[in-house]
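> Structure for the following, please:
(chains A and B)
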Amino acid sequence: EDQVTQSPEALRLQEGESSSLNCSYTVSGLRGLFWYRQDPGKGPEFLFTLYSAGEEKEKERLKATLTKKESFLHITAPKPEDSATYLCAVHPRYSNYQLIWGAGTKLIIKP
Amino acid sequence: DSGVTQTPKHLITATGQRVTLRCSPRSGDLSVYWYQQSLDQGLQFLIQYYNGEERAKGNILERFSAQQFPDLHSELNLSSLELGDSALYFCASSESDTQYFGPGTRLTVL
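Below is the predicted model of the structure:
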C-alpha cells in the first residue's frame, strides 16, 4: 500500500538549533515529492518539489533532499518564525496529480 | 499570497443545512482540488476537477458534491450537514503537478 510517513510528529528546538525532519515513502514509482509549510488555520504554503534521488533544493534556512526511500527537510539556525507544521506529499507515477499526504511534523522554535 | 481565493472565510450553520463554498483558482490553472482538514488532522483529499470535468475522487461523502464552471471557478456543496463536518475546507489549483492552496473556509456546524 502506498503511504507517506513523517517523523517526528512534533519537534521542539531552541532558536539557532539546526535539525532535520524526515518524510519516508513507499509508492509504486515516484513522479515527485512536495514539501509544504502550514501555519495554524491557514492554507499550506508550497516550499519545494523534488523529482529524483540526489536532488536538493534550498530556500533561506531550509534545504530539502531526496533519496529513493525518503526525503529530509533540513532547517539551519531556525528562528521562531519558522514554527509551523511541515507537510510532505508524494505524487505516485500512476496518479493523475492526486497526492498522498503525510500527517506532518509540528515544529516549534523557542526563542 | 498563492493567488487562489476562497469565500467565505468563515461559515457557521446548523445541522441539516446546506452550504456552498467557492474557489477561484490561480490565473491559467485548469485543475482544482478540494480538501478537508479536521481539527489537528491531516489533509483529506475530496475531489479534483480539470477544465470542468471531474478527474479524481477521494473520500468524498455522497452528501458532498462539487463542480467547476466554464470560467474555471469551483464550488463545493455540502448538504445535510452534521457536527462532524466542522472543519477547514481548502481549495488548491495547479497548472501541472505543484498545487497551490487557498486560505481556506472554516465551517462550523452547530
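
> C-alpha from now on. contacts and neighbour counts both.
OK.

> and the closest residue to B:G102 other than its chain neighbours, what is it in contact with?
Nearest non-adjacent residue to B:G102, counting by CA to CA, 6 or more residues apart in numbering or on different chains: B:V4, 4.7 Å away. Taking CA atoms under 8 Å, 6 or more residues apart in numbering or on different chains as the criterion, B:V4 is in contact with B:23-26, B:91-93, B:100-103.

> Am I right that A:S7 is in contact with A:N22?
Yes. With contact defined as CA atoms under 8 Å, A:S7 and A:N22 form a contacting pair (5.2 Å).

> Could you check which of the two is surrounded by more residues?
A:N22 (20 against 17; other CA atoms under 10 Å in any protein chain shown).

> which SS class is the more buried one?
Per DSSP: H, G, I helix; E, B strand; the rest coil, the secondary structure class of A:N22 is strand.

> Contact partners for it?
Contact partners of A:N22, counting by CA under 8 Å, 6+ apart, are A:6-8, A:70-73.

> and the residues you listed, which are buried?
A:6-7, A:70-73 (16 or more other CA atoms under 10 Å in any protein chain shown).

> ok, those residues vs chain B, which is closest?
Closest approach to chain B among the buried ones among the contacts of A:N22 (CA to the nearest CA): A:Q6, at 11.5 Å.

> And the pLDDT for that closest one?
pLDDT for A:Q6: 97.

> Quick one: residues contacting B:T13.
The contact partners of B:T13, by CA under 8 Å, 6+ apart, come to B:107-110.

> Quickly note the distance from it to B:L110.
Applying CA to CA, to the nearest Å, the value for B:T13 to B:L110 is 6 Å.

> Which strand or helix spans the residue nearest to the spatial centre of chain B?
Centroid-nearest residue in chain B, with CA atoms, centre = their mean: B:W34, separated by 3.7 Å. B:W34 belongs to strand B:31-37 when elements are defined using DSSP states H and E.

> Please find the angle between the direction vectors of the following helix or strand past that strand and strand B:31-37.
Using DSSP H and E, the helix or strand that follows strand B:31-37 in sequence is strand B:44-50. With axes from the mean of the first three to the mean of the last three CA atoms, to 10 degrees defining the directions, strand B:44-50 sits at 170 degrees from strand B:31-37.

> Show me what strand B:44-50 pairs with in its sheet, parallel or antiparallel.
Paired neighbours of strand B:44-50 in the sheet (DSSP bridges): strand B:31-37 (antiparallel), strand B:53-57 (antiparallel).

> mind putting the contacts of B:V4 in CSV, neighbour count and secondary structure included?
Listed next are the contacts of B:V4 as CSV, based on neighbours: other CA atoms under 10 Å in any protein chain shown; DSSP: H, G, I helix; E, B strand; the rest coil:
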residue, neighbour count, secondary structure
B:C23, 26, strand
B:S24, 22, strand
B:P25, 27, coil
B:R26, 22, coil
B:C91, 32, strand
B:A92, 29, strand
B:S93, 29, strand
B:Y100, 24, strand
B:F101, 29, strand
B:G102, 26, coil
B:P103, 23, coil
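
> What parts of chain B come near chain A?
By CA under 8 Å from any CA of the partner chain, the residues of chain B that approach chain A are B:2, B:41-43, B:48, B:55-56, B:88, B:90, B:96-104.

> Tell me, how many residues neighbour the spatially closest residue to B:S79 that is not a sequence neighbour?
Nearest non-adjacent residue to B:S79, counting by CA to CA, 6+ apart: B:R18, 4.1 Å away. B:R18 has 14 neighbours, counted by other CA under 10 Å.
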